[in-house]
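Asker: Coordinates for the following, if possible.
(4 chains)
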2 protein chains.
Amino acid sequence: MPRAGLTREAVVRLALEVVDDGGPDGFAQLTLAKVASRAGVATPSLYKHVGSLAALRREVSVVAVRELTTAGAAATVGRSGADAVRALAHAWRGYAVAQPGRYAATQVGPDPDDPSAAEHRQAAAESVQVAAAVLRGFALPDERLVDAVRAARSAIHGFVMLELGGGFRLPQDLDRSFGVLIDMLVAGVTALGEGRPTLPEVEQLSPR
Amino acid sequence: MPRAGLTREAVVRLALEVVDDGGPDGFAQLTLAKVASRAGVATPSLYKHVGSLAALRREVSVVAVRELTTAGAAATVGRSGADAVRALAHAWRGYAVAQPGRYAATQVGPDPDDPSAAEHRQAAAESVQVAAAVLRGFALPDERLVDAVRAARSAIHGFVMLELGGGFRLPQDLDRSFGVLIDMLVAGVTALGEGRPTLPEVEQLSPR
DNA sequence: ACCCGTGGGCTAATAGCATTAGCTTTGAGG
DNA sequence: CCTCAAAGCTAATGCTATTAGCCCACGGGT
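Answerer: Residues are numbered from 1 along each chain as shown, chains lettered A, B, ... in the order given. Prediction:
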């Protein structure tokens, strides 16, 4: 009975394969049994390398978040302003479309209490920092930067979620719709930076 | 052995209770066993009223989507333009925050192939129609309406997803960030309607 | 060269889930 | 009052994670 020679890293690598093969909800369908089968090993053997299914999910999530971060960072290096925002948006959507399972893994919010999720929290914070760095170029008042970051994340994440979930059923060009959305975002943060009201002539009506 | 007197509607009602009690991921944790226990019945008995767990999920999803639709419709009746967009956005977010489990149920895209999902598809289409109706007031060129609807859905959905998932960890006011996002959206569709470029002075740089 | 301990694999067992098959009994309508 | 469809049941299958405990492979030291 020769050994399989597994390591924690190898198990995570196999888990990523399972996620990738599962399409958009490959992450949801990630299972210890599938990983074990791929490793040619009995399911309980995985516990020698990984604490639990939840822990494995967390490790997969960390990898995915880091990939998203570096994709965004690579796309925006050397750019600034509207150019950088567009590059970031397209990089994120590109990653999500190319790796839908991993992008789904990105969604799971790190548990703020669990101390073993520190790495996860760190990775998530770094990915947000990429967006913050890009938006800092718009000379926003400090207390508005967070609003801009949230707006950018919401717009991009929302579009990608709906796209991956099959929420856009009309045959119209998705790329163009995404471009329009990002243009709105760029115009919005530009207006925010210039200190002028986002809505030039429209009166501020009651939100509630 | 008296009968429990279940009906399909009663089972769905109990399933909604389970979803509501489960918080933001109550929908993910919906289980036939929990519904059966709540009904005071053995799990297999539910199959007399519901085809499968997946079918029950679909029914729950239809209810949630319809609630979201009527919430949006009720909030926008008698309003138009920016006012209506803001009302719709706040109604959607309000529903998501008040009923996070049901909002999650809203996310599952209807299977375009499955004929038994016709009701689901119909409900989803109606909810999009509410947004389309509101945005039609902006006198958009026909081929841009779909872009505007997608932008609105993306922005609102993205924000809500990140909020419910705990993705916004800074203590800054979420309501204000949401307001800023919706202002950007309103400004963006306004610009789209006026036929002027979304970005007045910023040159269109290569997105790729 | 041997020996020994760590640790990586195993099987067995428990417990929770969905689902199917087939039996029993309720209770409403003729 | 009788009957039969429908609504409940138990039993069984097969999937999942997880824990306990065993055994042997293998690297490091004597």
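Asker: Contacts only, for whichever residue of chain A sits closest to chain B.
Answerer: Closest to chain B within chain A is A:Gly158: 2.3 Å, counting by CB to the nearest CB. Yep, even glycine has a C-beta here, placed from its N, CA and C like the rest. When contacts are counted by CB atoms under 8 Å, 6 or more residues apart in numbering or on different chains, A:Gly158 touches B:Arg153, B:Ser154, B:Ala155, B:Ile156, B:His157, B:Gly158, B:Phe159, B:Met161.
Asker: if we go to 7 Å?
Answerer: B:Ser154, B:Ala155, B:His157, B:Gly158, B:Phe159, B:Met161 (CB atoms under 7 Å, 6 or more residues apart in numbering or on different chains).
Asker: Out of those, which comes closest to DNA strand C?
Answerer: Distance to DNA strand C, by CB to the nearest atom of the strand, is smallest for B:Met161 among these, at 24.7 Å.
Asker: what comes into contact with the helix or strand harbouring A:Ala64?
Answerer: Using DSSP states H and E, A:Ala64 sits within helix A:53-76. By CB under 7 Å, 6+ apart, the surrounding residues in contact with helix A:53-76 are A:11-12, A:15-16, A:19, A:30, A:32, A:50, A:84, A:87-88, A:91-92, A:95, A:102-103, A:105-106, A:108, A:117, A:119-120, A:123-124, A:126-127, A:130, A:134.
Asker: Does that helix reach DNA strand C?
Answerer: No. Shown here: helix A:53-76 not in contact with DNA strand C (CB under 7 Å from any atom of the strand), separated by at least 12.3 Å.
Asker: for that helix, the distance to its chain's centre please.
Answerer: Remark: helix A:53-76 is offset 8 Å from the chain centroid, using CA atoms, centre = their mean, to the nearest Å.
Asker: before we move on, the earlier item: in JSON lines, list the contacts of A:Gly158 along with pLDDT, secondary structure and distance to B:Ala42.
Answerer: Shown next, in JSON lines, are the contacts of A:Gly158 (pLDDT from 0 to 100; DSSP: H, G, I helix; E, B strand; the rest coil; distance: CB to CB, whole Å):
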{"residue": "B:Ser154", "pLDDT": "98", "secondary structure": "helix", "distance to B:Ala42": "44"}
{"residue": "B:Ala155", "pLDDT": "98", "secondary structure": "helix", "distance to B:Ala42": "46"}
{"residue": "B:His157", "pLDDT": "98", "secondary structure": "helix", "distance to B:Ala42": "39"}
{"residue": "B:Gly158", "pLDDT": "98", "secondary structure": "helix", "distance to B:Ala42": "42"}
{"residue": "B:Phe159", "pLDDT": "98", "secondary structure": "helix", "distance to B:Ala42": "42"}
{"residue": "B:Met161", "pLDDT": "97", "secondary structure": "helix", "distance to B:Ala42": "37"}
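Asker: Going by distance to A:Leu185, which of those residues wins?
Answerer: B:Ala155 (8.7 Å; CB to CB).
Asker: Quick check: the closest one vs A:Gly166, distance?
Answerer: Using CB to CB, to the nearest Å, B:Ala155 is found at 19 Å from A:Gly166.
Asker: Could you do A:Glu9 as well?
Answerer: Taking CB to CB, one finds A:Glu9 at 34 Å from A:Gly166.
Asker: same deal with A:Arg93?
Answerer: 16 Å.
Asker: ok, those two, which is more surrounded?
Answerer: A:Arg93 (21 against 14; other CB atoms under 10 Å in any protein chain shown).
Asker: Send me stretch A:74-94 as PDB with only the CA atoms.
Answerer: The C-alpha coordinates for stretch A:74-94 follow below in PDB (Å, rounded to 0.1, in the frame of the first residue of the first chain):
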ATOM      1  CA  ALA A  74      -1.900  43.700 -12.700                       C
ATOM      2  CA  ALA A  75      -4.600  45.400 -14.900                       C
ATOM      3  CA  THR A  76      -4.400  48.700 -13.200                       C
ATOM      4  CA  VAL A  77      -0.600  49.100 -12.800                       C
ATOM      5  CA  GLY A  78       0.500  52.200 -14.800                       C
ATOM      6  CA  ARG A  79      -3.000  53.500 -15.200                       C
ATOM      7  CA  SER A  80      -5.000  56.100 -13.300                       C
ATOM      8  CA  GLY A  81      -8.300  57.800 -13.300                       C
ATOM      9  CA  ALA A  82     -11.100  56.600 -15.500                       C
ATOM     10  CA  ASP A  83      -8.600  54.400 -17.400                       C
ATOM     11  CA  ALA A  84      -7.700  52.500 -14.200                       C
ATOM     12  CA  VAL A  85     -11.300  52.100 -13.100                       C
ATOM     13  CA  ARG A  86     -12.200  50.600 -16.500                       C
ATOM     14  CA  ALA A  87      -9.200  48.300 -16.400                       C
ATOM     15  CA  LEU A  88     -10.100  47.100 -12.900                       C
ATOM     16  CA  ALA A  89     -13.700  46.500 -13.800                       C
ATOM     17  CA  HIS A  90     -12.900  44.500 -16.900                       C
ATOM     18  CA  ALA A  91     -10.200  42.600 -15.000                       C
ATOM     19  CA  TRP A  92     -12.700  41.600 -12.300                       C
ATOM     20  CA  ARG A  93     -15.400  40.600 -14.700                       C
ATOM     21  CA  GLY A  94     -12.900  38.800 -16.900                       C
END
